[in-house]
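**Q** Please work out how this folds:
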Amino acid sequence: MDPRNEAVLGYLEVERVAPPETNTAWVIDGYSLATHPDLCDRVKEVNEAAGKPAALRYLYGKPALVAANGVIVAFGGGTYVFCVRVPRSEVDPPLLGTIHGDAQRLKALTAHDWTLIDPWTVDVLKDEGLRQLAAVLTRAVENAADGDPPRADAAG
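**A** The predicted structure follows:
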């Protein structure tokens, strides 16, 4: 396992609800689908808009985008969680997402290598928003390919 995946896998990990070979509309590889189907489609759409630089996989019932070298570069969860492995300082402010409620584990993850972005780009025109999300994903894949961890966010 690539050590760069340790924190994100710790965040994503949940217990299986069924045997590993179980796949239904609501269970993938034995894990409950913990992401709204519309967000699953959006993660796929962003990857396609970027030219499919990553492989779409389901990890613990959540859609994830994995670079060719095995580094997880993005994932979705719930209805609104879409995180990309880039420093917050490299994301245009209208794309930034908001952590709702007391989501301590998500706050801890996004305090370092990950940034929560708005998958629906409500503050940006639809086509432009998709283009910008694709550009952020491309940066995340490039960072992973370089073998370097994302640069630390100077803003903290």
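
**Q** What distance do you get for the residue lying closest to residue 26 once chain neighbours are set aside to residue 48?
**A** Leaving aside its sequence neighbours, residue 26 sits nearest to residue 33 (C-beta to C-beta, 6 or more residues apart in numbering; 5.0 Å). Just so you know, the C-beta spots here come from the backbone N, C-alpha and C atoms, and that holds for glycine as well. For residue 33, the distance to residue 48 equals 20 Å [C-beta to C-beta, to the nearest Å].

**Q** One more: residue 23?
**A** Applying C-beta to C-beta to residue 23 and residue 48 gives a distance of 22 Å.

**Q** max-length helix in the protein?
**A** helix 126-145 (DSSP state H).

**Q** Dump it to PDB, keeping only the CA atoms.
**A** Listed next in PDB are the C-alpha coordinates belonging to helix 126-145 (Å, rounded to 0.1, in the frame of the first residue of the first chain):
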ATOM      1  CA  LYS A 126     -22.500  24.500 -15.000                       C
ATOM      2  CA  ASP A 127     -20.100  23.900 -17.900                       C
ATOM      3  CA  GLU A 128     -17.400  26.100 -16.500                       C
ATOM      4  CA  GLY A 129     -17.700  24.400 -13.100                       C
ATOM      5  CA  LEU A 130     -17.200  21.000 -14.700                       C
ATOM      6  CA  ARG A 131     -14.200  22.300 -16.600                       C
ATOM      7  CA  GLN A 132     -12.700  23.700 -13.300                       C
ATOM      8  CA  LEU A 133     -13.400  20.500 -11.400                       C
ATOM      9  CA  ALA A 134     -11.600  18.500 -14.200                       C
ATOM     10  CA  ALA A 135      -8.600  20.900 -13.900                       C
ATOM     11  CA  VAL A 136      -8.400  20.300 -10.200                       C
ATOM     12  CA  LEU A 137      -8.500  16.600 -10.700                       C
ATOM     13  CA  THR A 138      -5.800  16.800 -13.300                       C
ATOM     14  CA  ARG A 139      -3.600  18.700 -10.800                       C
ATOM     15  CA  ALA A 140      -4.200  15.900  -8.200                       C
ATOM     16  CA  VAL A 141      -3.200  13.200 -10.700                       C
ATOM     17  CA  GLU A 142      -0.100  15.200 -11.700                       C
ATOM     18  CA  ASN A 143       0.900  15.500  -8.100                       C
ATOM     19  CA  ALA A 144       0.400  11.800  -7.600                       C
ATOM     20  CA  ALA A 145       2.500  11.000 -10.700                       C
END
